[in-house]
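Chemist: please find the sequence and the predicted model below.
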Amino acid sequence: MNPELFGFLLGDAARLIRPLPVTELPNQPIRNSDVPLTSHPHINPILVLSDMTKLFEATSRDQKRAMNHVSPKLLFYAAHILSTPSSILQAVAQELVKRASTYKEEPQCTTGASGESRSLFI
């Protein structure tokens, strides 16, 4: 993987982890435990982890979706993201953007000690 591609992936990760600045809530008064998950500011990383869970779940004709060792870990990460303050996730997203820009600016090739050109991989 070249540095430019890695920089683009970090940029995508920053967009996915950044909390939503504005969310929509229902008109009716709600209790804290009744807030719909779709209006949570951290819904984007939760949806990513949900998709990954479905990807790793095994299906068979005889049994319902069986969880493997990856699914409980993804569930743990989702719960952790939901409990993390938005300011922390915003700081992580900003750091990802900074690092993405450094990878995008790196040269594509380096020169070895003997003068030959070689690709830079991560």
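Modeler: Everything's here; your move.

Chemist: from here on, contacts and neighbour counts on C-alpha atoms
Modeler: OK.

Chemist: just say helix, strand or coil for Glu95.
Modeler: helix (DSSP: H, G, I helix; E, B strand; the rest coil).

Chemist: that one: how many residues sit nearby?
Modeler: By other C-alpha atoms under 10 Å, 13 other residues sit near Glu95.

Chemist: look up how far Ile81 lies from it.
Modeler: Glu95 sits 17 Å away from Ile81, taking C-alpha to C-alpha, to the nearest Å as the criterion.

Chemist: same deal with Met1?
Modeler: For Met1 relative to Ile81 (C-alpha to C-alpha), the value is 28 Å.

Chemist: do the same with His40
Modeler: His40 is 11 Å from Ile81, by C-alpha to C-alpha.

Chemist: residue boundaries of the helices in the chain?
Modeler: Chain-ordered helices for the chain, with DSSP state H as the definition, fall at 3-17, 43-56, 70-83, 86-105.

Chemist: CA atoms only: put the longest one into CSV for me.
Modeler: Listed next in CSV are the C-alpha coordinates belonging to helix 86-105 (Å, rounded to 0.1, in the frame of the first residue of the first chain):
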residue,chain,number,x,y,z
SER,A,86,-18.1,13.7,21.2
SER,A,87,-15.1,16.0,22.0
ILE,A,88,-12.8,12.9,22.2
LEU,A,89,-14.0,11.5,18.9
GLN,A,90,-13.7,14.9,17.3
ALA,A,91,-10.1,15.1,18.5
VAL,A,92,-9.4,11.7,17.1
ALA,A,93,-10.9,12.7,13.7
GLN,A,94,-8.7,15.8,13.7
GLU,A,95,-5.6,13.8,14.4
LEU,A,96,-6.5,11.4,11.6
VAL,A,97,-6.9,14.3,9.1
LYS,A,98,-3.4,15.6,10.2
ARG,A,99,-1.8,12.2,9.7
ALA,A,100,-3.6,11.7,6.4
SER,A,101,-2.2,14.9,5.0
THR,A,102,1.4,13.9,6.0
TYR,A,103,1.0,10.6,4.2
LYS,A,104,-0.5,12.2,1.1
GLU,A,105,2.5,14.6,0.9
